[in-house]
Structures are given as structure tokens and as C-alpha cells.
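Peer 1: give me a 3D structure for the following:
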Amino acid sequence: MFGHAYLEADWRREALRTNLWVVPVIETVGISILFVGTYTADRAYYDGLIHFPAWVLNGTADTARVILTTIAAAVITVIGIVFSITIVVLTLASTQFGPRMLRNCVRDVGTQVALGAFVATFCYAMITLVSVGGGEHGDFVPHLSITVALTLTLANVAVLIYFLNHVATMIQLPVVIASVARTLYAEIAAEARGAVPASGLECGPSSEELLARLAESGAPIRTPRSGYLQVIRMERLVKVASKAGAVVELPYRPGHFFVVGQVMARVWPASAVAAVEKSLATGHIAGAYRTLPQDISFGVDQLVEIALRALSPAVNDTVTGMTCVDWIADALCQISRSWHPQRIRRDADGEIRVIAYQPDFERLVQRAFDTIRQAAAGMPAIMIRQLEALAKIVEQTPDRSRRTVLMRQAEAIRKLNMDTVPDAGDRDAVIRRYEKVMALIHTDTKTAPSEKLAGQAF
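Peer 2: Presented below is the predicted three-dimensional model:
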């Protein structure tokens, strides 16, 4: 079951990465530990137990207070500026790229590290300032801690320069699109790992028999709350179903929206419904938004959303639309090469315990191409780029059934071209790309395994 554990771990990491406070808190805790070390050394120096090297700063308590107060005031000012820039970037991302891009900006590691560095330095300066005071042998001055505070301040100058450059790069559309695509690639790889069977054993009734029993006498489990299904803890569900001797059918996949009382699963035999319902109550997460772990359709939808905004009459940014098509093509190439969804989950003994529907290749291709094609009516440049993308995907898709899906997309683009493009030269350019795609589709290849186990999620 380790493959499914990858997906659950990805969801937990995603939940942490999409919070701005996590990295700053970690850095602040780390800087507090550093202060404990430097303060201990300062106390030992004050008591005459050790000696500091020449590069450690000397000075009076008043000088120390002035230095630390200046550092704290300067850093808190920078923190205000950095937070203001971050809010502006988030606002720009929401308006220009779409509200679903906000989470991609929030999860940016560079921004989180920069914010954490400034907050941690401010906390270090304040703690050190408090430690300056009286002692048995005169005023206590934490010389090493002040030296470290100055060093951190100089380092923060470099962090500020990095942050400004990073933000200027991060808000560029090609970088945003590439970032979304790379996140999607990571999830495709995680899904591929999660599709690896737990064992080679296969025993018990077939999936067709079990589905018939579920339809005839299966007990429904209804969701107690509304929201988007974000994650299903499949490993836990398989264990519970195995222990109860039950089979669970999940007709929906993460990314589907549930209303209160909607059937989210069926269990056979009905006597096991209580145990499975308890597991699902704590083993699935529903929220206000979709997340990428366990839902690669969402990654495709994000790229499509950027393309649709670019192709809208108010923006009319054809270049951005073509850029999105390029990255979508790369994602579908990876899906075609490595992603073969498994709807059947078996326990350690090889018996089927969960039948979970998966989005098949056809549905993903439709999500990637249909709405962009519809928005590209009368835009031969987008049609040409979509056909070129289909050619790249076909070259890496040996499966005949999947090639048929791609052929239908090519035919739809050809029809749209003939119906909406007025210029004969533009129509001919589209037709030439269409003919190339069709020639590649009909090239003899070794047929890959079929997708008979893949179902349609929604």
C-alpha cells in the first residue's frame, strides 16, 4: 500500500506549503535556538570562563541598546514593505491569472523563506535587546549575540535583493505557467507511484461480480458536509474494508463537489457499512476549494484557465494562449507515457476491497483541449498550436484507443477551422498541421496496454 501513502503524504505536504506562516515559524524557532547558544556563550564570557576572538564586537550596554534598537526598527520596516509587496503580488495574481492561482503564489518557497528571514531577525534582535542589563560584575553586554544580530542584518540585505528579484520574476506569465506545469508533473509522478499494486496476488470475485452485488444490495454512505472532495485516505480505507470483509465502491474522485446527503460510496455487504462509514468520516477531506494532490485534472484546469483568460476578447493575448497549449502538451505527453490509472485496490491477500473510479485519458484530453478550442474560434494561430501539440502527444502515445481520442480532437479543430477562419491561406495552414497529425495517428506502432480498468470520475 506504499503507493497510496505517497499520495496522502503529498496532500499533507501541500497543506503545509500553502500556508505563509509555516516557514517563518520554523525560522523563528531556529533563531531562538541560536540565541540560546549565543546567550550561553555570552554568559560564560561575562563570568570569565571563556574568551572571544577579536572579530566579536565590544562596547558598552548603551551602545548595544542603540545597535539592537536600530536593527529592530529597520527590520520591522522592511517586514512591512515585504508584506505589502506580497499582498500586491497576490492581488495581481488573482486578477490577471485567476483566483485559483493564489495558492500557487502562496506556496512559493522563496517568498516564504524571505518573510521568515526578516521575522526571525527581528525576533532575534528583540530577544537580544531584552538580555542587555545589569549583572554581578557590571552591565551585562551580549557581545557575541550582538555580532550575530549584525551578521543577520547584513544577510537580510542579500535576502531583500533576492526577494525583489524573485518577485519580479515570479509574476511573469511564462514563469507562472511553467510553475503550474511543474507542480502538475510532480503530481502525475505521485499518481503513477500510487497506481502500483500492493501485491501480485489476485483472488476472490472479479470487479464485475462485485459491482453487480454493490448495485443489487450495497448500502449507500452519504456525505455529512458539502464541499470539494480534496483527498481520500485510500490506504486506511482498504485496511478497514479488509478487516470488515467488505467491498467499497467510490463513484467519485477528489475534485468532485459534494452536497450534503449525496451518496459518496457504496458498501457490500450492508452489515459492514458502520465501520466503513466511520473510516470515511475521518479518511476523506472536503473543503472550499480543489487541491492538486490526487486530482491531476485540477492542474490541467489551471493551465486551461490561464489560456481562456488570455484568449478572452478583453485581453486577446494569443501568445500566452499558445504558451499554455505548449505546457499542456508536455503534461499530456507525461500522462500518456506513465499514467495508467487503476480503479481496483486490493488488500495484502489479493482480494478487491475498493473500486475507485478514475478520470481516463479521454476525459483529461477533453478538459485540456475542448474549452480552449471553443474559445479559439476564428484564431488560426491557436488552432495550429493545438494541432502541433497533438502531433507531439501522438508521437509518444502508442496505445490505439488513446490515439483515437487524439484523432477526434484533431477532427474537431479541422471542423472549427473550416467554419470560422475566413482567410483561405490560414485555413490551408491549419489543414497542413491536421494532415500531419492524421499521418502520425495512422502510423503503425506497438499497441500499449488498454485502459479497461479506468473509469470516469465526473
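Peer 1: identify the residues contacting T183.
Peer 2: Listed by Cβ atoms under 8 Å, 6 or more residues apart in numbering, the contact set of T183 reads 104, 292, 299. C-betas here are computed from N, CA, C, even on glycine.
Peer 1: ok, these vs A331, which is closest?
Peer 2: Closest approach to A331 among the contacts of T183 (Cβ to Cβ): G299, at 7.2 Å.
Peer 1: that closest one - that's part of a helix, no?
Peer 2: Yes: per DSSP: H, G, I helix; E, B strand; the rest coil, G299 lies within a helix segment.
Peer 1: hang on, it packs against L292?
Peer 2: Yes: using Cβ atoms under 8 Å, G299 is in contact with L292, at 5.4 Å.
Peer 1: from the contacts of T183, which is closest to T40?
Peer 2: Within the contacts of T183, the smallest distance to T40 is 42.2 Å, found for N104 (Cβ to Cβ).
Peer 1: quick check on that closest one: phi, psi?
Peer 2: Backbone torsions for N104, taken as degrees, to the nearest 10, come to phi -70, psi -40.
Peer 1: contact partners for it?
Peer 2: N104 is in contact with 93, 176, 179-180, 183, 302, counting by Cβ under 8 Å, 6+ apart.
Peer 1: these: which two are farthest apart?
Peer 2: Using Cβ to Cβ, those span at most 14.4 Å, a distance reached by A93 and T183.
Peer 1: could you list the domains of this protein?
Peer 2: 2-171, 207-287, 293-339+360-441 (automatic domain parsing).
Peer 1: what about the second one, how long is it end to end?
Peer 2: Between the opening and closing residues of domain 207-287 lies a distance of 31 Å (Cα to Cα, to the nearest Å).
Peer 1: quickly find the element holding the closest residue to F163 other than its chain neighbours.
Peer 2: Spatially, and ignoring its direct neighbours in sequence, F163 is nearest to A114 (4.0 Å; Cβ to Cβ, 6 or more residues apart in numbering). Under the criterion of DSSP states H and E, A114 resides in helix 109-131.
Peer 1: so where's this protein shaky on pLDDT?
Peer 2: 1-15, 134-138, 192-201, 283, 444-458 (pLDDT under 70).
Peer 1: most centrally placed residue in it?
Peer 2: Centroid check for the chain by Cα atoms, centre = their mean gives L292 as the closest residue, at 4.6 Å.
Peer 1: pretty sure R343 is touching I355, no?
Peer 2: Yes: applying Cβ under 8 Å, one finds R343 in contact with I355, separated by 5.8 Å.
Peer 1: residues in contact with both of the two, list them for me.
Peer 2: Common neighbours of R343 and I355, counting by Cβ under 8 Å, 6+ apart, are S207.
Peer 1: which residues touch A389?
Peer 2: 325-326, 328-329, 332.
Peer 1: that one: which element?
Peer 2: Using DSSP H and E, A389 falls within helix 380-395.
Peer 1: one more: A155?
Peer 2: Going by DSSP H and E, A155 is part of helix 143-170.
Peer 1: hey, which helix is longest across the chain?
Peer 2: Secondary structure of the chain read by DSSP state H shows that its longest helix is helix 61-92.
Peer 1: and that one with helix 109-131, angle?
Peer 2: Helix 61-92 runs at 160 degrees relative to helix 109-131, counting by axes from the mean of the first three to the mean of the last three Cα atoms, to 10 degrees.
Peer 1: helices or strands next to helix 61-92 in the packing?
Peer 2: helix 102-106, helix 109-131, helix 143-170 (3 or more Cβ pairs under 8 Å, 6 or more residues apart in numbering; DSSP states H and E).
Peer 1: got the angle for the second one vs helix 143-170?
Peer 2: With the same axes, to 10 degrees as the criterion, the two stretches helix 109-131 and helix 143-170 enclose an angle of 160 degrees.
Peer 1: after the helix holding A389, which helix or strand is next?
Peer 2: helix 400-420.
Peer 1: which parts of that following helix are buried?
Peer 2: By 16 or more other Cβ atoms under 10 Å, the buried positions in helix 400-420 come out as 402-403, 405-407, 409-410, 412-414, 416-417.
Peer 1: got the contact list for the residue nearest to the centre of the chain?
Peer 2: By Cβ under 8 Å, 6+ apart, the contact set of L292 is 14, 183-184, 187, 298-299.
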